[in-house]
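In: Provide a 3D model corresponding to the input given below.
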Amino acid sequence: MLIDKYLGEIIEHVVYKYHYNVDLEDEYESLLRYIYRRLVKAWFKGRGVSLKEFEAALQNARKKRRQLEILLSYLVSRYAARNGPIYMPRGGDWYDEKY
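Out: Sure thing, here's the model as predicted:
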């Protein structure tokens, strides 16, 4: 799948960095399908898109890594919200360090 090829590393980075409630072993394919649908809706106004067009859009998006990471973080958070709490603080997190 094109999303895995171009965005797989970034998606995994986002899930681990922000501790999203997504089990990548079990839900990875479902997450990729969700991201695909949302990107087609956002970038192509929901119209049918060829694989070549979509691949070109992904290549272009990778050039803007920070913006892409923010977009993917939003999409993963929306996906994770369906599974319950997005982030569960653990001992030693920022709260303990700050106070």
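In: drop to CA atoms for contacts and neighbour counts, all remaining ones
Out: Fine.
In: now do the contacts for the most centrally placed residue in the chain.
Out: Centroid check for the chain by C-alpha atoms, centre = their mean gives residue 72 as the closest residue, at 3.4 Å. Residue 72 is in contact with 10-11, 14, 35, counting by C-alpha atoms under 8 Å, 6 or more residues apart in numbering.
In: give me the residues contacting the helix or strand encompassing residue 8.
Out: Following DSSP states H and E, one finds residue 8 within helix 2-17. Residues from elsewhere that reach helix 2-17 (C-alpha under 8 Å, 6+ apart): 21-22, 24, 32, 36, 55, 58-59, 62, 69, 72-73, 76.
In: give me that answer again for 6 Å
Out: Residues outside helix 2-17 that contact it (C-alpha atoms under 6 Å, 6 or more residues apart in numbering) are residue 73.
In: with only the CA atoms kept, save it in PDB.
Out: Presented in PDB, the C-alpha positions along helix 2-17 are these (Å, rounded to 0.1, in the frame of the first residue of the first chain):
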ATOM      1  CA  LEU A   2       1.300   3.500  -0.900                       C
ATOM      2  CA  ILE A   3       0.600   5.000   2.500                       C
ATOM      3  CA  ASP A   4       2.700   2.400   4.300                       C
ATOM      4  CA  LYS A   5       5.500   2.900   1.700                       C
ATOM      5  CA  TYR A   6       5.600   6.700   2.100                       C
ATOM      6  CA  LEU A   7       4.200   7.400   5.500                       C
ATOM      7  CA  GLY A   8       4.600   4.200   7.500                       C
ATOM      8  CA  GLU A   9       7.700   5.400   9.400                       C
ATOM      9  CA  ILE A  10       6.100   8.800  10.300                       C
ATOM     10  CA  ILE A  11       2.900   7.100  11.400                       C
ATOM     11  CA  GLU A  12       4.800   4.800  13.800                       C
ATOM     12  CA  HIS A  13       6.800   7.700  15.100                       C
ATOM     13  CA  VAL A  14       3.700   9.700  15.800                       C
ATOM     14  CA  VAL A  15       2.000   6.800  17.600                       C
ATOM     15  CA  TYR A  16       4.900   6.200  19.900                       C
ATOM     16  CA  LYS A  17       5.800   9.800  20.400                       C
END
